[in-house]
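Novice: Pasting a predicted model and its sequence here:
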Number of protein chains: 2
Amino acid sequence: MEEQVELVGRAFVEHYYHLFDTDRSSLASLYHQSSMLTFEGQKLQGGDNICSKINQLPFDKCHHLISTIDSQPSSFAGGIVVFVSGSLRLAEEDHPLRFSQMFHLIPTPQGSFYVQNDIFRLNYG
Amino acid sequence: MEEQVELVGRAFVEHYYHLFDTDRSSLASLYHQSSMLTFEGQKLQGGDNICSKINQLPFDKCHHLISTIDSQPSSFAGGIVVFVSGSLRLAEEDHPLRFSQMFHLIPTPQGSFYVQNDIFRLNYG
């Protein structure tokens, strides 16, 4: 069970940042109407608003490098909480930006997961 | 509702780190048998194991300085997810350590909250 949660968390994170780095608009499939994102303190609710925000971020190309992934069962309805640390390299910047992000994943009837909670923060040294 | 969640998240965070910095053993009251902590990748389950870990951390005095607190309703049973960034100053160290931490808070029948999920990571530059 523990191991399964780690595997799901890792697979989700790899999938999420792969989509983010290659085809940001396709992230829409991972959010629902009830989903929430807090991005550097800005709160957005609903898949449409969240995806607009992500698509309008002021950079074209980026690459996420993951440092750590920690996953735990959230004890409700088979949910999983995932905590990620890593760095974000932008095409136009020399220095990668360190970030931390958490996801609360909820299982769908189809056997996959959607993102209910998403909180992103850059780590300023 | 949104505002209430922010207030609860902030009050919890202030209470948690105040206890951590002044009387670490009293944190036991905030965890239950089902609680989980992942501390720098080490997984602990149950209030007793979590509090042993926290009490055995290799420093006596510390002070948490909070930079950001982001809270969202977790959509299940009145829970709240809280994401914190800040720095940890140890008495014997000159340089504070940057950290990020997330909590998943679950309401108790008594009207307070306990920590179901707790994930802590130091942020290495």
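Specialist: Nice, thanks for sending it over. Numbers count the residues shown, from 1 in each chain, chains lettered A, B, ... in the order given.
Novice: Which strands and helices lie in contact with the longest helix along chain A?
Specialist: Scanning chain A for the longest helix, with DSSP state H as the assignment, gives helix A:2-22. Helices and strands touching helix A:2-22, by 3 or more CB pairs under 8 Å, 6 or more residues apart in numbering or on different chains; DSSP states H and E, are strand A:62-73, strand A:80-90, strand A:97-107. Where you see a C-beta, it was placed from the backbone N, CA and C, and this is true even at glycine.
Novice: Please convert those to TSV, extending it with distance to chain B.
Specialist: Formatted as TSV, those follow (distance: least, CB to the nearest CB, whole Å):
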stretch	distance to chain B
strand A:62-73	4
strand A:80-90	4
strand A:97-107	4
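Novice: CSV please, covering those strands and showing mean pLDDT.
Specialist: Formatted as CSV, the helices and strands packed on helix A:2-22 follow (pLDDT from 0 to 100):
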stretch, mean pLDDT
strand A:62-73, 96
strand A:80-90, 96
strand A:97-107, 96
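Novice: pretty sure A:E2 is touching B:K43, no?
Specialist: Yes. With contact defined as CB atoms under 8 Å, A:E2 reaches B:K43; the gap is 7.4 Å.
Novice: The two - which one has more neighbours?
Specialist: Neighbours were counted for A:E2 and for B:K43 using other CB atoms under 10 Å in any protein chain shown; B:K43 has more, 15 against 12.
Novice: The helix or strand harbouring that one pairs with which strands, parallel or anti?
Specialist: Element membership for B:K43 (DSSP states H and E) is strand B:42-45. With DSSP bridges as the test, strand B:42-45 is paired with strand B:31-39 (antiparallel).
Novice: Quick one: distance of the strand it pairs with to the chain centre.
Specialist: From the chain centre to the centre of strand B:31-39 is a distance of 10 Å (CA atoms, centre = their mean, to the nearest Å).
Novice: Please apply the same query to stretch A:97-116.
Specialist: That offset, for stretch A:97-116, works out to 6 Å (CA atoms, centre = their mean).
Novice: Span of it from start to end?
Specialist: 25 Å (CA to CA, to the nearest Å).
Novice: Could you check how far the residue lying farthest from the centre of chain A is from chain B?
Specialist: Distance from the C-alpha centroid of chain A, by CA atoms, centre = their mean, peaks at A:D94 (23.3 Å). Counting by CB to the nearest CB, to the nearest Å, the gap from A:D94 to chain B is 15 Å.
Novice: which residues does A:A91 contact?
Specialist: A:F59, A:D60, A:K61, A:C62 (CB atoms under 8 Å, 6 or more residues apart in numbering or on different chains).
Novice: Just the pLDDT for the residue lying closest to the third one once chain neighbours are set aside.
Specialist: Nearest residue to A:K61 in three dimensions, chain neighbours excluded: A:A91, at 4.0 Å (CB to CB, 6 or more residues apart in numbering or on different chains). Per-residue pLDDT puts A:A91 at 83.
Novice: ok, now A:P58?
Specialist: At A:P58, pLDDT is 88.
Novice: Surely it is within a strand?
Specialist: No. Applying DSSP: H, G, I helix; E, B strand; the rest coil, one finds A:P58 to be coil, outside a strand.
Novice: what about it, neighbour count?
Specialist: 6.
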